[in-house]
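Enquirer: mind folding the following:
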Amino acid sequence: MTRLIKFAFLLSTAFALAACNETLEDIAPKAERQLPARIVQTMKAKGMSKTSPVMMRIFKEEGKLEVWKAKTNGRYDIIASYDICKWSGQLGPKFTEGDRQAPEGFYTVRPGQMNPKSSYYLAFNIGFPNAYDRANGRTGKHLMVHGACSSAGCYSMTDEQIAEIYAFARDSFKGGQREFQVQAFPFRMTAENMARYRNDPNFEFWKMLKVGYDHFELTKIPPKVDVCDRRYVFNSEPEGGESLSPTAACPPMSQPESLLTAYQQYQTHYGIAFNAAVKAQSKRNYSKAKPSETIAGHEEARLVADWSKRRARGEKVSRMPPNIPTPTAIAEAPAVEATPEVAATATAYTAEPATRMQSALEAAAGQEGSVQAESSTTASVSPTPPNDATVPVPMSRPDTGEERTASVPAAEPVEAQSAIQAQARAQPPRSRSLRRRIQNLFSR
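Expert: Have a look, this model is predicted:
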């Protein structure tokens, strides 16, 4: 009897010690961690539910990742903003596998792209390459937003940050959202920032992204994104129900009349602000931030990819990846055209009774003066950035950190590096059913 009592005592003690050694992850797995009470409270105050749809925006130069959620009226509002811990490469899109570039563009994340067992704490694949990337011969894989604050082409956050970001996405899928949009930009696309990069090889690509950026600024609804003629097409629908091919020419397209009107007004004010910024920046005493380093197109991307491969094989390479210097911005630039890319055409969609989106667009079209963003964190169309008179200074990136500056034996420069002069080959934009996407959004 005494032995049984002793055995029972020892067994209970062992269970108690095991419980004491149990970690938080054993009790509540990291992928199921709930959002902090402060965020839940803010969502309620803004008219959002915990499971309402989400959207994310990334700004490289400012080093920010924003989370936006749908309110009860269908329009989105910002709910959280995080400092990106690390992103690699330079401003500009990802061109090829191994170029160390973090992607720029419009990407889609579905439940299957979420990784609760990531080696980088938590992660989700942003969906690179998308239809636009593939149509333009851009390659790469496993481009993530993840934790661990370590990046080689990804957007890396701290573990605490990615736990919250992951929870936003997880909860939206639980609420019925089938996919969410990630918009990745080189910088906030204000008139002043666009003027700073007006002579950059990537400028035409960035102008194309700005159309989608502007549509979101106007409507506060993630734009419908399609690809044809190797271009992004936003909130547009092919006439006659034609299907779109990423590599084929775009058929005749139409947009809601109210969106066209609002966009024309927006562009008019933007053009004035852009020209004023160009004039200001051409003065010798201009003291605002100068352009950051950018990738000079496919040729530079191939140089960096080759450097990465040879370094991985243990060959003697230069301490830093090779680069092609980008041109210096010229003093003057042509005025911005206010004409939208898609002609206004009456369709069955525009003739329907007003929906909530159309009402929002008509309200935007009736605004006087400069179009203002609803959130203090979004960009305005005035000549100066919305939050401060100075343009944010670029954050430090892995190209100056341990990942890019690890001591390796010096070697001769990459062959023919200084002889290559590249130009970006991004094109301006030109269209599934817009009506169906909008109805799906508001039916939830």
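Enquirer: quick one: low-confidence residue ranges for the protein.
Expert: 1-28, 326-444 (pLDDT under 70).
Enquirer: Asn136 is in contact with Lys94, correct?
Expert: No. Using Cβ atoms under 8 Å, Lys94 is not in contact with Asn136, being 10.9 Å away. Just so you know, the C-beta spots here come from the backbone N, C-alpha and C atoms, and that holds for glycine as well.
Enquirer: more neighbours: which of the two?
Expert: Taking Lys94 and Asn136 together and counting by other Cβ atoms under 10 Å, Lys94 has the greater number of neighbours (24 against 20).
Enquirer: which ones are touching that one?
Expert: Each residue near Lys94 by Cβ atoms under 8 Å, 6 or more residues apart in numbering is listed here: Gln101, Ala102, Pro103, Glu104, Phe128, Asp133, Arg138, Gly140, Leu143, Gly153, Ala301.
Enquirer: and if we set it to 10 Å?
Expert: 100-105, 128-129, 133, 138-140, 143, 153, 184, 295, 301 (Cβ atoms under 10 Å, 6 or more residues apart in numbering).
Enquirer: likewise Ile84?
Expert: 58-60, 62-65, 102, 145, 149, 151, 155-158, 161, 395, 397.
Enquirer: what do you get if the cut-off is 8 Å, keeping everything else the same?
Expert: Taking Cβ under 8 Å, 6+ apart, we find Ile84 in contact with Ile58, Lys60, Gly63, Lys64, Leu65, Tyr155, Ser156, Met157, Met395.
Enquirer: likewise for Ala248?
Expert: Cys228, Asp229.
Enquirer: for it, which three-state class applies?
Expert: When classified by DSSP: H, G, I helix; E, B strand; the rest coil, Ala248 comes out as coil.
Enquirer: please begin residue numbering at 742 from this point
Expert: All right, first residue 742 from here; so that's Ala989.
Enquirer: measure it to Tyr873 for me?
Expert: Ala989 sits at a distance of 14 Å from Tyr873 (criterion: Cβ to Cβ, to the nearest Å).
Enquirer: what ranges does this protein have for its strands?
Expert: Secondary structure of the chain, counting by DSSP state E: strands at 795-800, 805-811, 817-824, 827-828, 846-850, 855-856, 864-866, 885-887, 896-897, 921-926, 966-969, 972-975, 978-979, 994-995.
Enquirer: top of the contacts of Ile825 by number of neighbours, please.
Expert: Met898 (29 neighbours).
Enquirer: count the residues that sit near Asn814.
Expert: Neighbours around Asn814, by other Cβ under 10 Å: 13.
Enquirer: ok, Pro1066 next?
Expert: Residues within reach of Pro1066, counting by other Cβ under 10 Å, total 10.
Enquirer: which residues touch it?
Expert: Counted by Cβ under 8 Å, 6+ apart, Pro1066 has contacts Ala1037.
Enquirer: could you pull out the helices for the protein?
Expert: Assigned by DSSP state H, the helices in the chain fall at 743-762, 765-768, 778-786, 872-876, 900-915, 932-937, 944-960, 998-1022, 1039-1053, 1089-1092, 1097-1106, 1143-1146, 1175-1183.
Enquirer: check contacts around the closest residue to Arg1043 other than its chain neighbours.
Expert: Distances taken as Cβ to Cβ, 6 or more residues apart in numbering place Thr837 nearest to Arg1043, at 6.2 Å, with adjacent residues excluded. Contact analysis of Thr837 by Cβ under 8 Å, 6+ apart lists Arg879, Thr880, Gly881, His1039, Ala1042, Arg1043, Ala1046.
Enquirer: pull out the buried residues from those.
Expert: Taking 16 or more other Cβ atoms under 10 Å as the criterion, what is buried in the contacts of Thr837 is Arg879, Thr880, Gly881, His1039, Ala1042, Arg1043, Ala1046.
Enquirer: can you put the strands of the chain in JSON lines and add distance to Arg937?
Expert: Output for the strands of the chain, formatted as JSON lines (distance: least, Cβ to Cβ, whole Å):
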{"stretch": "strand 795-800", "distance to Arg937": "14"}
{"stretch": "strand 805-811", "distance to Arg937": "18"}
{"stretch": "strand 817-824", "distance to Arg937": "22"}
{"stretch": "strand 827-828", "distance to Arg937": "19"}
{"stretch": "strand 846-850", "distance to Arg937": "20"}
{"stretch": "strand 855-856", "distance to Arg937": "36"}
{"stretch": "strand 864-866", "distance to Arg937": "31"}
{"stretch": "strand 885-887", "distance to Arg937": "26"}
{"stretch": "strand 896-897", "distance to Arg937": "22"}
{"stretch": "strand 921-926", "distance to Arg937": "14"}
{"stretch": "strand 966-969", "distance to Arg937": "26"}
{"stretch": "strand 972-975", "distance to Arg937": "22"}
{"stretch": "strand 978-979", "distance to Arg937": "34"}
{"stretch": "strand 994-995", "distance to Arg937": "31"}
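Enquirer: what's the burial count for Phe914?
Expert: Look at Phe914: counted by other Cβ under 10 Å, it has 18 neighbours.
Enquirer: I should have written Asp824 there, sorry.
Expert: Close neighbours of Asp824, defined as other Cβ under 10 Å, add up to 12.
Enquirer: one more: Ser793?
Expert: Using other Cβ under 10 Å, Ser793 has 21 neighbouring residues.
Enquirer: for it, what are its contacts?
Expert: Contacts for Ser793 (Cβ under 8 Å, 6+ apart) come out as Met784, Lys810, Ala811, Lys812, Ser913, Gly916, Arg1185.
Enquirer: and which of these is nearest to Lys1031?
Expert: Set against Lys1031, the nearest of the contacts of Ser793 by Cβ to Cβ is Lys810 (35.4 Å).
Enquirer: if that closest one is in a bridge, with which residues?
Expert: Val795, Asp818 (DSSP bridges).
Enquirer: what's the answer for Asn856, then?
Expert: Ala864.
Enquirer: tell me, how many neighbours does it end up with?
Expert: Neighbours around Asn856, by other Cβ under 10 Å: 18.
Enquirer: ends of stretch 877-890, how far apart?
Expert: Taking Cα to Cα, to the nearest Å, stretch 877-890 runs 30 Å from one end to the other.
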